[in-house]
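Asker: with the sequence up front, the predicted model follows.
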Amino acid sequence: MTQHIRTTCGLSVSKDPTVLYEDNAACITQIKEGYIKSDRTKHIPPKFFSFTQELEKNKDVDVQYVRSSENAADLFTKALPTTVFRKLIHNIGMRRLRDF
């Protein structure tokens, strides 16, 4: 998707795969190895697993593990303790003007 947007806007397009950072080891396993039948996945049709597995095999996406304590997406999805919030804010490059 990002490559399509870049092409449409006239920006250069790299052949590198889109990197997906995931903090759930079971999710990474299912993307790389395909459908895994369990009580938690029984409601998800197997065809959805084959699509993500195909993207991974074709090197369209690169799924990489990131520790939960370093997952910047948590800033936007969870209520975090102040110390973790400040650490993640710093990691994504946000600063207060008076810090400069």
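Answerer: That came in fine, so what should we check first?

Asker: you'd agree L88 is up against T82?
Answerer: No: contact criterion Cβ atoms under 8 Å: L88 and T82 do not qualify, at 11.0 Å. Just so you know, the C-beta spots here come from the backbone N, C-alpha and C atoms, and that holds for glycine as well.

Asker: of those two, which one has the most company?
Answerer: L88 (19 against 7; other Cβ atoms under 10 Å).

Asker: strands of this protein, residue ranges please.
Answerer: 18-22, 61-65 (DSSP state E).

Asker: nearest to M94 among those would be which one?
Answerer: Closest approach to M94 among the strands of the chain is made by strand 18-22 (18.1 Å; Cβ to Cβ).

Asker: with only the CA atoms kept, save that closest one in CSV.
Answerer: Only the C-alpha atoms of strand 18-22 are listed here, as CSV (Å, rounded to 0.1, in the frame of the first residue of the first chain):
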residue,chain,number,x,y,z
THR,A,18,7.3,-3.4,4.3
VAL,A,19,8.5,-4.0,7.8
LEU,A,20,5.8,-5.0,10.3
TYR,A,21,6.8,-4.8,14.0
GLU,A,22,4.9,-7.2,16.2
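
Asker: any idea which helix is longest in this protein?
Answerer: helix 46-57 (DSSP state H).

Asker: output the contacting helices and strands for that helix.
Answerer: helix 25-33, strand 61-65 (3 or more Cβ pairs under 8 Å, 6 or more residues apart in numbering; DSSP states H and E).

Asker: residues making contact with that helix?
Answerer: With contacts defined as Cβ atoms under 8 Å, 6 or more residues apart in numbering, helix 46-57 is touched by 30-36, 61-63.

Asker: and that helix, what's its mean pLDDT?
Answerer: Averaged over helix 46-57, pLDDT sits at 80.

Asker: heads up, I number from 46, so please use that
Answerer: That works, and once the first residue is 46, the last one we named lands at helix 91-102.
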